[in-house]
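Novice: Provide a 3D model corresponding to the input given below.
(one chain, ligands or ions: 2)
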Amino acid sequence: MKKITSICCIGAGYVGGPTMSVIAQKCPEIKVTVVDINEARIEAWNDKDLDKLPVYEPGLAEVVDEARGRNLFFSTDVDKAIQEAEMIFISVNTPTKTYGVGKGRAADLKFVELCARQIARVANGDKIVVEKSTLPVRTAESVKRILKAEAGEHEFQILSNPEFLAEGTAIDDLHNADRMLIGGDQDEKGQEAIQALVDVYAHWLPKDRLITTNLWSSELSKLTANAFLAQRVSSINAISALCERTGADVDEVANAIGSDSRIGPKFLKSSVGFGGSCFQKDILNLVYLCRHFGLPEVADYWEQVVAMNDYQKHRFAKQIIDTLFNTVSGKKIAFLGWAFKKDTNDTRESAAIYVAHELLQDRAEIHVYDPKVPKAQMFRDMEYLIENPGSVYTENPLPENWRDLIVVHEEPYTAMDSAHAIAVLTEWDEFKTYDWASIYAKMLKPAFVFDGRNILDGEAMAEYGFEFRGIGKGLEKARANVEA
Ligand SMILES: NC(=O)C1=CN([C@@H]2O[C@H](COP(=O)(O)OP(=O)(O)OC[C@H]3O[C@@H](n4cnc5c(N)ncnc54)[C@H](O)[C@@H]3O)[C@@H](O)[C@H]2O)C=CC1
Ligand SMILES: O=C(O)[C@H]1O[C@H](OP(=O)(O)OP(=O)(O)OC[C@H]2O[C@@H](n3ccc(=O)[nH]c3=O)[C@H](O)[C@@H]2O)[C@H](O)[C@@H](O)[C@@H]1O
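Specialist: Numbering: from 1, shown residues only. Ligands and ions are numbered 1, 2, ... in the order given. Sure thing, here's the model as predicted:
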């Protein structure tokens, strides 16, 4: 098969934007056009001021700067880009359904279906269609059927090429991917299509990292990878609760078990709970599929990963309320961080939103500082959670004036001034270097710090005078248990 010279990607989000920028950077002879129906987003991708790119990722601005206008283009003209391209990536959002059959579980595939119909309608020749979005296993079958039914004389090959990048490290993950997975049909034409995509990635990735499989294995591997990663976080978080009762230290336990080469050290950082647009959505989708295929025991097994994560967020919020003498009503609680992890402006499913909801149920005044998340986004997040509670802990209504109870700060010190307590919700590096002595001086006493990310030095914080609580570090409580 001849080499690909033009690519189109539908969806200019956290995946489409960075992945296509790197493909364009590494393959200067391929014209890459990223399209989206969201005009504001495309405008931001085209902004001369690279600080205004719609996705914040370390290293992304440099890549865009190198390729944009040379062989990387952002546009809202979806039809034209489809017609010009030999290979079309679908990288649109696949959120959990919020309505109808499968509500709260199944992936909502309406955006993917719309793309397939649009490709079929406007295609002017044979195309390779690549599923980049995370999809339930066997989605390619539906995409094929739609393309076949609507397309007339043109031929389409479908590939599954799930993305494994993590936000905050997207560019490094793309440049040095552990593997790139490409699934396709096993017949001759399917193999040719697989090879065409292998040739794209072979511009910068070693051949042994390009894994090819059948379509279904590829689709299922993506859901499985996220389920395994999230399961590790829930497993260590479950142990953190036991640490707090017994006096064990969860970081020491993680280090001890992670030194076993069979377990490995990564993804064992205990936290206030995992967030992000995908872990919960993909596990719920896996659970839905298992039930659909008549495997309720398998579904129950994976569902516990999400249940444990809900419990961890709740445990953190409850600890704050319990420690502050059983109520946070009218008390100023400073939130350091709102993003679901550091080095991203993404807040989807962030633990901060759930913790805020529980504290607001108890009428706290929340003062938030996050270096990258704008105020409007925080309010949108709260509104979304109110409409879609999703967790048993966030079902209670908020006070009518909840909007007045969230104050967003442009800088951290005012957020913490005269606060009753500080809660660390995101592990931004800058939090470690604050002037903690002067923060302590300006807080109400006792001055509580709840470190939901275990990034602060507990002993040093205690020396400043803080009442410090980390995750999985319940020495005081453990001592009290022993004495009782
Ligand atoms: N965010 C992440 O780190 C990762 C996400 N994924 C998966 O990648 C997919 C995309 O995720 P994100 O990039 O985070 O989503 P996103 O929401 O940031 O971006 C999706 C974009 O698609 C656009 N879109 C939707 N329908 C369209 C249509 N018919 N025509 C043109 N544009 C359309 C939307 O306007 C939006 O800008 C999802 O399936 C997700 O599960 C996979 C790996 C990592
Ligand atoms: O499909 C996706 O969307 C992506 O989901 C995750 O990436 P991402 O959600 O961007 O970020 P992670 O680094 O995986 O973190 C997810 C959440 O788990 C939390 N986490 C992670 C690791 C850990 O040890 N402890 C922990 O609490 C993080 O703080 C964050 O809230 C996967 O790591 C990617 O491989 C995958 O492509």
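
Novice: residue numbers of the protein in contact with ligand 1?
Specialist: Residues of the chain lying close to ligand 1 (C-beta under 6 Å from any ligand atom) are 10-16, 35-38, 41, 78, 91-94, 111, 114-115, 133-134, 163, 165, 167, 277-278. No exception for glycine: its C-beta is placed from N, CA and C like everyone else's.

Novice: residue contacts, Leu385?
Specialist: Ile353, Tyr354, His357, Thr394 (C-beta atoms under 8 Å, 6 or more residues apart in numbering).

Novice: would you map the helices across the stretch 51-200 of the chain?
Specialist: 60-67, 78-84, 110-122, 139-150, 170-175, 188-201 (DSSP state H, counting those that start in this stretch).

Novice: and the second one, C-alpha only, in PDB?
Specialist: Presented in PDB, the C-alpha positions along helix 78-84 are these (Å, rounded to 0.1, in the frame of the first residue of the first chain):
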ATOM      1  CA  VAL A  78     -15.100  18.900   8.700                       C
ATOM      2  CA  ASP A  79     -16.300  17.800   5.300                       C
ATOM      3  CA  LYS A  80     -13.400  19.300   3.400                       C
ATOM      4  CA  ALA A  81     -10.900  17.600   5.800                       C
ATOM      5  CA  ILE A  82     -12.600  14.300   5.400                       C
ATOM      6  CA  GLN A  83     -12.500  14.600   1.600                       C
ATOM      7  CA  GLU A  84      -8.800  15.500   1.500                       C
END
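
Novice: mind listing what's buried in that helix?
Specialist: The neighbour-count check on helix 78-84 (16 or more other C-beta atoms under 10 Å) flags Val78, Ala81, Ile82, Gln83, Glu84 as buried.

Novice: nearest residue to the residue most central in space within the chain in space, please, no chain neighbours.
Specialist: Nearest to the geometric centre of the chain sits Gly276, at 2.7 Å (C-alpha atoms, centre = their mean). Nearest non-adjacent residue to Gly276, counting by C-beta to C-beta, 6 or more residues apart in numbering: Phe340, 4.8 Å away.

Novice: how many residues are close by the one you found?
Specialist: 25 (other C-beta atoms under 10 Å).

Novice: thought the residue nearest to the centre of the chain was touching Glu349?
Specialist: Yes. Here Gly276 reaches Glu349: they are 5.8 Å apart, a contact under C-beta atoms under 8 Å.

Novice: and the residue in the stretch 1-150 of the chain that ligand 1 sits nearest to, helix, strand or coil?
Specialist: Closest contact between the stretch 1-150 of the chain and ligand 1, by C-beta to the nearest ligand atom, is at Gly13 (1.9 Å). For Gly13, the assignment made with DSSP: H, G, I helix; E, B strand; the rest coil gives coil.

Novice: and it, how many neighbours?
Specialist: 20.

Novice: ok, Arg209 next?
Specialist: Around Arg209 there are 14 residues (other C-beta under 10 Å).

Novice: what helix or strand does the residue nearest to Gly276 sit in?
Specialist: For Phe340, there is no helix or strand it lies in under DSSP states H and E.

Novice: per-residue pLDDT of it, please?
Specialist: At Phe340, the model reports a pLDDT of 97.

Novice: any stretches of this structure with poor pLDDT?
Specialist: The model of the chain has pLDDT under 70 over residues 1, 475-484.

Novice: spell out which residues of it are next to ligand 2.
Specialist: So the chain meets ligand 2 at 134, 163-167, 226, 229, 233, 267-269, 271, 274-279, 340-341 (C-beta under 6 Å from any ligand atom).

Novice: tell me which residue of the stretch 301-450 of the chain lies closest to ligand 1.
Specialist: Asp346 (6.9 Å).

Novice: any idea which helix or strand carries that residue?
Specialist: Per DSSP H and E: nothing holds Asp346, as it lies in no helix or strand.

Novice: can you give me the neighbour number for it?
Specialist: So Asp346, with other C-beta under 10 Å, has 23 neighbours.

Novice: distance check, the nearest residue to Gly452 once chain neighbours are set aside against ligand 1.
Specialist: Distances taken as C-beta to C-beta, 6+ apart put Val272 closest to Gly452, at 3.2 Å, once the chain neighbours are dropped. In this view, Val272 and ligand 1 are 19 Å apart by C-beta to the nearest ligand atom, to the nearest Å.

Novice: going forward can the numbers begin at 45, since that is how I track them
Specialist: New numbering, starting at 45: the last item is Val316.

Novice: need the contact list for Val316.
Specialist: Gln356, Lys357, Phe360, Ala395, Val399, Leu469, Gly496, Arg497, Ile515.

Novice: quick one on the thing from earlier: highest neighbour count among the contacts of Leu429?
Specialist: Busiest of the contacts of Leu429 [other C-beta under 10 Å] is Tyr398, holding 28 neighbours.

Novice: quick check, that residue in contact with Thr438.
Specialist: Yes. Judged on C-beta under 8 Å, Tyr398 makes contact with Thr438 at a distance of 5.9 Å.

Novice: taking the stretch 195-344 of the chain, what residue is nearest to ligand 1?
Specialist: For the stretch 195-344 of the chain, C-beta to the nearest ligand atom, closest residue to ligand 1: Glu207, 4.0 Å.

Novice: contacts only, for the closest residue to that residue other than its chain neighbours.
Specialist: Closest residue to Glu207 apart from its sequence neighbours, by C-beta to C-beta, 6+ apart: Val59 at 5.1 Å. Applying C-beta under 8 Å, 6+ apart, one finds that Val59 lies in contact with Ser135, Lys176, Ser177, Glu207, Leu209.

Novice: most neighbours among those, which one is it?
Specialist: Top of the contacts of Val59 by neighbour count (other C-beta under 10 Å): Ser135, with 28 neighbours.

Novice: ranges for the strands of the protein?
Specialist: Ranges of strands in the chain, per DSSP state E, are 50-54, 75-79, 116-119, 131-134, 171-175, 200-204, 224-228, 254-258, 376-380, 409-413, 450-452, 465-468, 492-495, 511-514.

Novice: how about these in a markdown table, adding distance to Met505?
Specialist: A markdown table is the format used below for these (distance: least, C-beta to C-beta, whole Å):
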| stretch | distance to Met505 |
| --- | --- |
| strand 50-54 | 46 |
| strand 75-79 | 45 |
| strand 116-119 | 45 |
| strand 131-134 | 47 |
| strand 171-175 | 47 |
| strand 200-204 | 48 |
| strand 224-228 | 43 |
| strand 254-258 | 45 |
| strand 376-380 | 13 |
| strand 409-413 | 18 |
| strand 450-452 | 24 |
| strand 465-468 | 10 |
| strand 492-495 | 6 |
| strand 511-514 | 4 |
